[in-house]
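> predicted model follows, preceded by the sequence.
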Amino acid sequence: MSPDYILNTIFAEKLIVINGRVATPVFTVPIQLIFRISGVLGSSEKEKEVDFDQSLVATLTKTPIFKI
């Protein structure tokens, strides 16, 4: 796997670098889903009750991400 292939699976658009920093990266849908799940799991560790509006089910998209 080439570095370009790996970056293309993570980022939806080309990265724009301004003054040595990346300006607002746009992630692909699977990576966005991983971030949302991680956020929900992190917040549920601090709370004793699960908010179903913020639960894992609420983070799932209505269209399939992976074509299996």
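Cool, got the structure.
> switch to C-alpha atoms for all contacts and neighbour counts from now on
Will do.
> quick one, strands of this structure?
Along the chain, the segments classed as strands by DSSP state E run 17-18, 21-22.
> my read: V26 touches I16, true?
No: the pair formed by V26 and I16 falls short of the contact definition of Cα atoms under 8 Å, at 10.2 Å.
> between those two, which is the more surrounded one?
Each of V26 and I16 has its neighbours counted (other Cα atoms under 10 Å); V26 has more, 14 against 11.
> can you tell me how far the more buried one sits from M1?
21 Å (Cα to Cα, to the nearest Å).
> show me the helices in this structure, by range?
Using DSSP state H, the helices of the chain run over 3-10, 29-46, 56-59.
> for these, which one sits closest to G20?
Proximity to G20 (Cα to Cα) singles out helix 3-10 among these, at 17.7 Å.
> quick one: the closest one to helix 29-46, angle?
For the pair helix 3-10 and helix 29-46, the angle between their directions (axes from the mean of the first three to the mean of the last three Cα atoms, to 10 degrees) equals 60 degrees.
> and the pLDDT at T9?
As summarised for this prediction, T9 has a pLDDT of 87.
> for it, what are its contacts?
Shown in contact with T9 (Cα atoms under 8 Å, 6 or more residues apart in numbering): T28.
> let's see that with 10 Å instead.
Residues touching T9, when contacts are defined by Cα atoms under 10 Å, 6 or more residues apart in numbering, comprise 27-31.
> of those residues, keep whichever come out buried.
Of the members of those, the ones counted as buried by neighbours, 16 or more other Cα atoms under 10 Å, are 27, 29.
> out of the contacts of T9, which is nearest to L41?
I31 (15.3 Å).
> if I look at the residue lying closest to the closest one once chain neighbours are set aside, how far off is F27?
Spatial nearest neighbour of I31, chain neighbours left out: I10 (6.3 Å); criterion: Cα to Cα, 6 or more residues apart in numbering. Separation of I10 from F27 (Cα to Cα): 6 Å.
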